[in-house]
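Q: Let me see the structure of the following:
(one chain, ligands or ions: 1)
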Amino acid sequence: MKKIEHIGIAVKDIESANDLYAQLLGEKPYKQEEVEREGVMTSFFKVGPNKIELLEATKPDSPIAKFIEKRGEGIHHIAFEVEDIKAEMKRLKDEGFRLLSEEPKKGADNKMVAFVHPKSAHGVLVELCETITK
Ligand code: CO
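A: Just a heads-up that it's a prediction; the model follows:
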């Protein structure tokens, strides 16, 4: 793992959350991007070498909608940057971690992503992300 790439925060209304986080961080989001497959709208803020990702559900069966229903708004996942996502997925699998998918998927902000089930990480949804370079 290279560094914490971003922290994902589930919000009910991304427009008002954008305004609030812009006030908090002193900077506007540098991008807003929909990931249709996951049913989310995302926005990204830079904080030094790390980022904050806000996530709003775009449909009722989105994982973000379910998360907010169960636990309310708040920290949803922690994302770690990795050099080689497939190698890292294999390493974690061999260590006994439960992954949410067999293969990495295309995520927001030019990343290939995969998730570790919160049940195998003390209640934390862990995201692995590798920057797409080509
Ligand atoms: Co994320």
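
Q: drop to CA atoms for contacts and neighbour counts, all remaining ones
A: OK.

Q: State the three-state secondary structure for residue 19.
A: Following DSSP: H, G, I helix; E, B strand; the rest coil, residue 19 is assigned to helix.

Q: sorry, that was for residue 29
A: Assignment for residue 29 (three-state DSSP): coil.

Q: And it, how close does it get to residue 98?
A: Distance of residue 29 to residue 98, computed by CA to CA, to the nearest Å: 32 Å.

Q: how about the helices in the protein?
A: 14-25, 63-71, 85-94 (DSSP state H).

Q: Check which residues of stretch 55-63 are buried.
A: Of the residues in stretch 55-63, 55-58, 62-63 count as buried by neighbour count, 16 or more other CA atoms under 10 Å.

Q: and which of these is nearest residue 107?
A: residue 55 (12.3 Å; CA to CA).

Q: what sits against the closest one?
A: Residues near residue 55 by CA atoms under 8 Å, 6 or more residues apart in numbering: 8-11, 14, 40-43, 64.

Q: cool, and residue 5?
A: 49-51, 79-81, 129.

Q: what about the residue located most distally from the centre of the chain, distance to residue 87?
A: Distance from the C-alpha centroid of the chain peaks at residue 94, with 23.1 Å (CA atoms, centre = their mean). Note on residue 94: its distance to residue 87, by CA to CA, is 11 Å.

Q: Bridging across strands, which residues link to the most centrally placed residue in the chain?
A: In the chain, the centroid-proximal residue (CA atoms, centre = their mean) is residue 8; its distance is 4.7 Å. Counting by DSSP bridges, residue 8 is bridged to residue 53, residue 77.

Q: low-scoring stretches of this protein, by residue?
A: Judged by pLDDT under 70, the chain has no weakly predicted residues.

Q: how about a cut-off of 90?
A: Applying pLDDT under 90 to the chain flags residues 134.
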